[in-house]
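> Sharing a model prediction with you, sequence too.
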Amino acid sequence: MSSGQERLYAWDDNCLQWYAHAVEYRSFHQEVAEFMRQDLPSRPSVCDVGCGIGALTLQLAPHCRHITAIDLHPKPISYLQEQAAARGLANISAYAGDFLTLPVPDEPYDGVVFCLAGGVEQFLEKGRQWGKTLFFVENATSQRSFSSVGAQTKETYFNHDLQLLTDLGIPHSYRFFTAPFGQVFTDRSDAEAFMHHYNPDEPEASIQAALKAACSLSTIPNSSSSCPMKSPC
Ligand SMILES: C[S@@+](CC[C@H](N)C(=O)[O-])C[C@H]1O[C@@H](n2cnc3c(N)ncnc32)[C@H](O)[C@@H]1O
């Protein structure tokens with residue numbers, strides 16, 4: 001796991017705010033929810049594993065009978081609970097825990113989703129005990145996230161996972177989609193803090209060069225001077 005990814009999982013106050021701002025700017029989780037609904041019964045029960053701040057949970061909840069959201073970290077779970085309450089969504093149960101060590105529920109969920117949370121190798125065995133249909137949402141590009149030096153190749157789980165499912169004889173299907181995956185910043189110092197956070201080992205000069213190349217100041221509603229930075233996730 002790269003240091004950037006480790007930091008994404010760290011969920012300190014900055015990470016949480018950056019992710020929340022990015023989610024407002026993206027249609028990514030909305031699109032994932034729409035795809036999932038095509039493969040689920042009406043009013044399904046769903047479990048969102050590695051839910052983070054619950055961007056997908058909140059999109060799915062209005063269409064679900066019940067949705068359980070689980071993450072290793074309590075901080076994004078508290079954020080999700082606040083968001084659910086503010087939106088009057090009473091059918092969300094969110095709690096902190098390690099999915100891999102939790103007891104199997106009495107009734108399997110109609111769907112269990114792992115959205116940018118890990119791959120088939122990590123979650124398949126346990127996931128099959130938890131859900132009737134599993135959804136793995138993975139990055140299938142070869143570009144590295146949050147890089148200060150632009151697009152770089154990285155290992156993707158996608159081909160590996162597809163092969164694994166085939167080798168195991170597990171019926172599966174997949175679809176590719178592209179969705180905006182940008183990062184909104186309140187100002188340049190916010191963007192700088194972001195780049196430093198996710199690229200702790202990069203020299204200052206390369207951070208500054210990346211910022212110069214990637215950011216353009218613009219104005220969006222509710223934010224006076226924001227910098228929408230297209231992050232190649
Ligand atoms: C990149 S974030 C994605 C969050 C969310 N699914 C989304 O799409 O916005 C991955 C999340 O998976 C969580 N995670 C990883 N392994 C986990 C596990 N074994 N049990 C619960 N959560 C896990 C991490 O804590 C992290 O919050």
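That came through fine.

> the strands in the chain, which residues?
Here the chain has its strands, by DSSP state E, at 45-49, 66-71, 92-96, 109-115, 131-137, 182-183, 218-220, 223-226, 229-230.

> Counting neighbours, which bits of the fifth one end up buried?
To tie it back to what came earlier, the one meant is strand 131-137. Going by neighbour count (16 or more other CB atoms under 10 Å), the buried part of strand 131-137 is 131, 133-137. From N, CA and C alone the C-beta is placed, and that goes for glycine too.

> repeat for the first one
Counting neighbours by 16+ other CB under 10 Å, one finds that the buried residues in strand 45-49 are 45-49.

> For the ligand, see how far away the residue in the chain sticking out farthest from the centre is.
For the chain, the largest distance from the centre (CA atoms, centre = their mean) belongs to Ala205, which lies 29.5 Å off. Applying CB to the nearest ligand atom, to the nearest Å, the value for Ala205 to the ligand is 29 Å.

> just to revisit the earlier point, export the strands of the chain to CSV and tack on mean pLDDT and distance to Ser189?
Rendered in CSV, the data for the strands of the chain read as follows (pLDDT from 0 to 100; distance: least, CB to CB, whole Å):
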stretch, mean pLDDT, distance to Ser189
strand 45-49, 98, 33
strand 66-71, 98, 29
strand 92-96, 98, 31
strand 109-115, 98, 30
strand 131-137, 97, 32
strand 182-183, 78, 14
strand 218-220, 44, 17
strand 223-226, 38, 11
strand 229-230, 40, 13
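
> Just name the most buried of those strands.
Of the strands of the chain, the one with the most neighbours on average (mean count of other CB atoms under 10 Å) is strand 45-49, at a mean of 27.

> Can you list the strands that that strand pairs with?
Strands that pair with strand 45-49, judged by DSSP bridges, come out as strand 66-71 (parallel), strand 109-115 (parallel).

> Alpha carbons only: can I get that strand in PDB?
The C-alpha atoms that make up strand 45-49 are tabulated as PDB, following Å, rounded to 0.1, in the frame of the first residue of the first chain:
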ATOM      1  CA  SER A  45     -30.900  -4.700   2.200                       C
ATOM      2  CA  VAL A  46     -27.300  -3.600   1.600                       C
ATOM      3  CA  CYS A  47     -24.100  -3.600   3.500                       C
ATOM      4  CA  ASP A  48     -21.500  -1.000   2.500                       C
ATOM      5  CA  VAL A  49     -18.100  -2.300   3.700                       C
END
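
> didn't Phe194 look like it was pressed against Trp18?
Yes. Between Phe194 and Trp18 a contact is recorded at 5.8 Å, counting by CB atoms under 8 Å.

> Can you check which residues contact both of those two?
Gln183 (CB atoms under 8 Å, 6 or more residues apart in numbering).

> Now do the same contact list for the nearest residue to Leu168 once chain neighbours are set aside.
Take Leu168 and drop its neighbours on the chain: the residue closest to it by CB to CB, 6 or more residues apart in numbering is Leu124, 7.9 Å away. Contacts were defined as CB under 8 Å, 6+ apart; by that measure Leu124 touches 134, 164-165, 168, 170.

> Considering those residues, which is situated nearest to the ligand?
For the contacts of Leu124, the minimum distance to the ligand (CB to the nearest ligand atom) is 14.0 Å, reached by Leu134.

> do you know how far the closest one is from Gln122?
Distance check for Leu134 against Gln122: by CB to CB, to the nearest Å, it reads 12 Å.

> how about Cys64, phi and psi?
As for Cys64, its main-chain torsions (degrees, to the nearest 10) stand at phi -110, psi 150.
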